[in-house]
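Colleague: Need a 3D model of the following:
(one chain, ligands or ions: 1)
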Amino acid sequence: MYSEKVMDHFTNPRNVGEIEEASGVGTVGNAKCGDIMRMYLDIDENHVIRDCKFKTFGCGAAVATSSMATELVKGKTVQEAMKVTNKAVLEALDGLPPVKVHCSLLAEEAIHAALWDYAQKNGLEIEGLEKPKSDIHEDEEEDEEY
Ligand code: FES
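Modeller: Below is the predicted model:
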């Protein structure tokens, strides 16, 4: 039921972890299942994504899509990274079962939230990027302090 690529990225996810002093961080949650994903971007002075890492507290499909999404955005400019939609990630993974498609949305939302954070910190505007609806970064940070 899962493609070989999904199984590969699920059992051997790429780019798991954190980036200290990341250029942008985005944390999003899936209201349907309560799963959470955090994405870290390291972006150079030419707006190219040097590195990308993620942490997901979620299902296998969410892990596989975030893993593939990090691979797809690495080396891209922030503007090019806007084209890494959940559709693009799904295509790169050879699809997901229909009931799991909502899981793939987390990766796109997390990338957008991290790009938004980067844009805010640097006073930039990224074409087509809107304020993330579900960035839960701040709440989470507070939780972690206790
Ligand atoms: Fe929650 Fe897949 S079931 S992200």
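
Colleague: Return the distance of the helix ranked longest in the chain from the chain's centre.
Modeller: Taking DSSP state H as the criterion, the chain has its longest helix at helix 101-122. On the basis of CA atoms, centre = their mean, to the nearest Å, helix 101-122 sits 6 Å off its chain's mean C-alpha point.

Colleague: And that helix, what's buried?
Modeller: Within helix 101-122, the residues that count as buried by 16 or more other CB atoms under 10 Å are 102-119. Where C-beta positions appear, they are placed from N, C-alpha and C, glycine not excepted.

Colleague: does that helix come close to the ligand?
Modeller: Yes. Using CB under 6 Å from any ligand atom, helix 101-122 reaches the ligand at Cys103, Leu106.

Colleague: helices and strands around that helix, which ones?
Modeller: If you count contacts as 3 or more CB pairs under 8 Å, 6 or more residues apart in numbering; DSSP states H and E, helix 101-122 packs onto strand 24-29, strand 36-43, strand 49-57, helix 60-73, helix 78-81, helix 86-92.

Colleague: Thank you kindly, that will do.
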